[in-house]
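Peer 1: sequence and predicted structure, then a few things I'm wondering about:
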Amino acid sequence: MASTPSISEIRRDRFARRRPADLSELEGPAHGSVSLPLHLAWSSLTEFDLDQPRLRMSCYRIVLAEGMHEDLVRYLNRDLLTSMWPVLRTLISRDIREVWESAFTELRPSAQTAA
């Protein structure tokens with residue numbers, strides 16, 4: 001008899017299905033203002049100035065947690081994500097962090113210290 005998956009396993013599976021196959025798919029803006037739709041930013045601010053570090057971090061946290069595949073590739077930028085990852089990884093859930101770091105070697109802590 002198969003065991004019931006844990007909440008964490010269910011969440012990881014959900015985040016893995018949404019995640020892009022490659023970081024190069026992340027073609028979101030690197031600068032300027034971003035307006036997130038309500039299905040992403042349903043409980044707070046919807047406008048984010050990517051040139052302000054705190055707002056950029058908030059935007060990325062929301063998109064990683066709430067975004068579907070289309071949202072991830074539309075709003076996240078590969079270069080910003082990789083540069084922000086050492087701090088961002090501490091602000092997102094363990095499930096999101098593990099899904100992204102298991103898929104992309106450049107996001108793993110060992111890759112960040114080697115760079």
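Peer 2: Thanks, I have the structure now.

Peer 1: how far away is the closest residue to D49 other than its chain neighbours from V63?
Peer 2: Once flanking residues are discounted, D49 sits nearest to L55: 5.0 Å by CB to CB, 6 or more residues apart in numbering. All C-beta atoms are positioned from the backbone trio N, CA, C, and that covers glycine. Here L55 is placed at a distance of 13 Å from V63 (CB to CB, to the nearest Å).

Peer 1: of those two, who's got more company?
Peer 2: Between L55 and V63, V63 has the larger neighbour count (other CB atoms under 10 Å), namely 23 against 16.

Peer 1: helices or strands up against the one helix or strand the more buried one maps to?
Peer 2: Under the criterion of DSSP states H and E, V63 resides in helix 53-66. The contact analysis (3 or more CB pairs under 8 Å, 6 or more residues apart in numbering; DSSP states H and E) places helix 53-66 against strand 47-49, helix 69-75, helix 78-88, helix 94-103.

Peer 1: mind running it again at 10 Å?
Peer 2: helix 7-18, strand 33-35, strand 47-49, helix 69-75, helix 78-88, helix 94-103 (3 or more CB pairs under 10 Å, 6 or more residues apart in numbering; DSSP states H and E).

Peer 1: buried sites along the fourth one?
Peer 2: Of the residues in helix 69-75, those scored as buried under the neighbour-count criterion (16 or more other CB atoms under 10 Å) are 71-75.

Peer 1: what about the closest residue in space to H39 that isn't next to it in sequence, neighbour count?
Peer 2: Nearest residue to H39, sequence neighbours excluded (CB to CB, 6+ apart): E66, at 7.4 Å. By other CB under 10 Å, 16 other residues sit near E66.

Peer 1: how near is E66 to P86?
Peer 2: Taken as CB to CB, the span from E66 to P86 is 22 Å.

Peer 1: among the helices and strands packed on helix 53-66, which gets the worst mean confidence?
Peer 2: Per-segment mean pLDDT for the helices and strands packed on helix 53-66 reaches its minimum on helix 7-18, at a mean of 91.

Peer 1: for the residue nearest to D49, what are its contacts?
Peer 2: By CB atoms under 10 Å, 6 or more residues apart in numbering, the contact set of L55 is 33-34, 45, 47-49.
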